[in-house]
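Pasting the sequence and the predicted coordinates here, then a few questions.
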Amino acid sequence: MKASETKEPDWLEFARDELARGVEEVPGPEANPRILWYDSATSLKATSDEVPWCSAFACACMEAMGYESPQSAAARSWLKWGQVLDAPRIGCIVVFSRGASPTAGHVGFVVAETEHTLDVLGGNQGDRVSIATFLKDHVLGYRWPAGQM
């Protein structure tokens, strides 16, 4: 899958703009106001950028472009959102398992794919908005906004 083969959805364009901003956590007791803004798109409304914020980032990107999100700080909440995709596509939400916990997870937007990996644009990847590579072995699901196919 190549990003150039398809027009990117507007929420992914918004996420790329956030990547270009260089958003990252602030060390110590201070918090990055942009990350707190992401958190405001969830019911958690965290006041620290030390709280896991991958789902908050995804919620903020979707909400900023006029789409409903789960409004949850839990990555796995995205598994009940939108419509299921059988395979990844550029801009889709991907939910990963994380560790041995049945509730822990990670969420972001697919930007590229290889046979065994996905490049994911997401928040709280290395304490910043970044593109990181993840193994497909950990994918729990792919989602797309309902009614937007």
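Noted; the coordinates are in hand. Computed from a predicted model, the values in this text were never measured in an experiment.

what's the closest non-adjacent residue to the most centrally placed residue in the chain?
The centroid of the chain falls nearest to residue 108 when counting by C-alpha atoms, centre = their mean (2.5 Å). Spatial nearest neighbour of residue 108, chain neighbours left out: residue 122 (2.6 Å); criterion: C-beta to C-beta, 6 or more residues apart in numbering. Glycine gets a C-beta too; all of them are placed from N, C-alpha and C.

isn't that neighbour right up against residue 53?
No - between residue 122 and residue 53 there is no contact under C-beta atoms under 8 Å: 9.7 Å.

hey, where'd the helices end up in the chain?
10-21, 33-39, 54-64 (DSSP state H).

hey, which of the ones you listed is tucked in deepest?
A comparison of those by mean neighbour count, using mean count of other C-beta atoms under 10 Å, puts helix 54-64 on top with a mean of 27.

on that earlier part again, quick one: residues contacting the residue nearest to the centre of the chain.
Residue 108 makes contact with 54, 57-58, 93-94, 120-123, 125, 132 under the criterion C-beta atoms under 8 Å, 6 or more residues apart in numbering.

angle of the top strand by length along the chain against helix 10-21?
When the chain is parsed with DSSP state E, its longest strand is strand 105-113. Relative orientation of strand 105-113 versus helix 10-21 (axes from the mean of the first three to the mean of the last three C-alpha atoms, to 10 degrees): 100 degrees.

could we number from 49 for the rest of this?
All set: I'll call the first residue 49, so the last point we hit is now strand 153-161.

who does strand 153-161 pair up with?
Counting by DSSP bridges, the strands paired with strand 153-161 are strand 141-145 (antiparallel), strand 165-170 (antiparallel).

Pipe the ones you listed into TSV and attach mean pLDDT and distance to residue 185 per row.
Below are the strands paired with strand 153-161 laid out as TSV (pLDDT from 0 to 100; distance: least, C-beta to C-beta, whole Å):
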stretch	mean pLDDT	distance to residue 185
strand 141-145	98	9
strand 165-170	98	9
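
I'd like those written out as TSV, with distance to residue 125 added.
Shown next, in TSV, are the strands paired with strand 153-161 (distance: least, C-beta to C-beta, whole Å):
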stretch	distance to residue 125
strand 141-145	9
strand 165-170	15
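
Out of these, the one nearest residue 87 is which?
Of all those, strand 165-170 sits nearest to residue 87, with 14.7 Å by C-beta to C-beta.
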